[in-house]
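In: Could you work out the structure for the sequence below:
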Amino acid sequence: MTLLHLGGLKAGYGSATIVHGVDLDVARGEMVALVGPNGAGKSTLLKSIAGVARVTGGTLTLDGRDLVPLAPAARAQAGAVFMPQERNVFRTLTVRENLAVSAWGHRDAAARSEEVIALLPTLRAYLHKRAGGLSGGQRQMVGLAMALMARPKVLLVDEPTAGLSPLLVGEMLDILVQLAAAADLGILIVEQNARAALQRAHRALVLVDGRVVRQGDAAALAQEPDFGALFFGEVA
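Out: Here you go, the predicted structure:
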């Protein structure tokens, strides 16, 4: 059953349109990958769902609710939670304090913290450490935990593996696809490590110049002979 639906979505900043008529659906328990070249509009598409970029046309619904009129905070409360690539933790706070802060607007923060830690058990080893003193991979895990604290229906994840070692890239993507099933949520992920993402995602869309040029089963897309050319906009 469709959870997040985009129909002919157009979005951008000011008078500039970056995303041109994208159709996209994400279901519960599913991870959908957005891949494509730099500047294709992938992050702008995520931000338009979260309310950071402006939707200028088309439809955007979550669980049947129109998100377009809602401010970013209201969209998050409705269940569309954005995990940015950078600055997604408070470095001077401990991990536990980061979790508490991110429970804003939700009751029973302590109980929710335990639920999130159960989903991401490696967090328990460094709950009392300041986030600024953690490794890059650990900070990304804290950022993910903070997003989960908001009880998302759909998690919008922007470049979660940026700067991580090849081993940690795989671990982070494995965790995300496992979370989709374990937490019964939809995940829409922008990822530059395209082949690693396509090995794990259920479905994928290739975005070039703000338009979807190919979509389908993620593993099948990765095996297409013209896959590399898609990233240079050479295949329509």
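In: Could you list the domains of this protein?
Out: 2-79+152-230, 88-150 (automatic domain parsing).
In: what about the shortest one, distance to the chain center?
Out: What it means is domain 88-150. With C-alpha atoms, centre = their mean, to the nearest Å as the basis, domain 88-150 stands 17 Å off its chain's centre.
In: now stretch 177-192
Out: Chain-centre distance of stretch 177-192: 8 Å, with C-alpha atoms, centre = their mean.
In: Show me what counts as buried in it.
Out: Neighbour-count burial for stretch 177-192 flags 177, 179-180, 183, 185-192 (criterion: 16 or more other C-beta atoms under 10 Å). To be clear about C-beta, it is placed using only N, CA and C from the backbone, and glycine gets the same treatment.
In: Please flag which of those residues sit within helices.
Out: Under the assignment DSSP state H, those contribute 177, 179-180 to helices.
In: hmm, back to that, next, format the domains of the chain as CSV and append mean pLDDT.
Out: Formatted as CSV, the domains of the chain follow (pLDDT from 0 to 100):
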stretch, mean pLDDT
domain 2-79+152-230, 94
domain 88-150, 90
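In: okay, those domains, which one's buried deepest?
Out: Ranked by mean neighbour count under mean count of other C-beta atoms under 10 Å, the domains of the chain are led by domain 2-79+152-230, which reaches a mean of 19.
In: Which parts of the chain are strands?
Out: Assigned by DSSP state E, the chain shows strands spanning 2-13, 16-27, 31-35, 54-62, 65-66, 80-83, 154-158, 186-190, 203-208, 211-217.
In: Can you spell out which residues form a bridge with the residue positioned nearest the centre of the chain?
Out: Centroid-nearest residue in the chain, with C-alpha atoms, centre = their mean: residue 157, separated by 1.8 Å. With DSSP bridges as the criterion, residue 157 is bridged to residue 83, residue 189.
In: Grab the nearest non-local neighbour of residue 203.
Out: residue 32 (5.0 Å; C-beta to C-beta, 6 or more residues apart in numbering).
In: give me the beta-bridge partners of the one you found?
Out: Judged by DSSP bridges, the bridge partners of residue 32 are residue 188, residue 203.
In: wait, what's in contact with it?
Out: 24, 26, 186-189, 201-205 (C-beta atoms under 8 Å, 6 or more residues apart in numbering).
In: Compute the distance between it and residue 127, please.
Out: 31 Å (C-beta to C-beta, to the nearest Å).
In: got it, and residue 116?
Out: Look at residue 116 and residue 127: by C-beta to C-beta, they are 11 Å apart.
In: Then residue 53?
Out: Going from residue 53 to residue 127 by C-beta to C-beta gives 34 Å.
In: and if you look at residue 208?
Out: Counting by C-beta to C-beta, the separation of residue 208 from residue 127 is 42 Å.
In: and if you look at residue 224?
Out: From residue 224 to residue 127 the distance is 44 Å (C-beta to C-beta).
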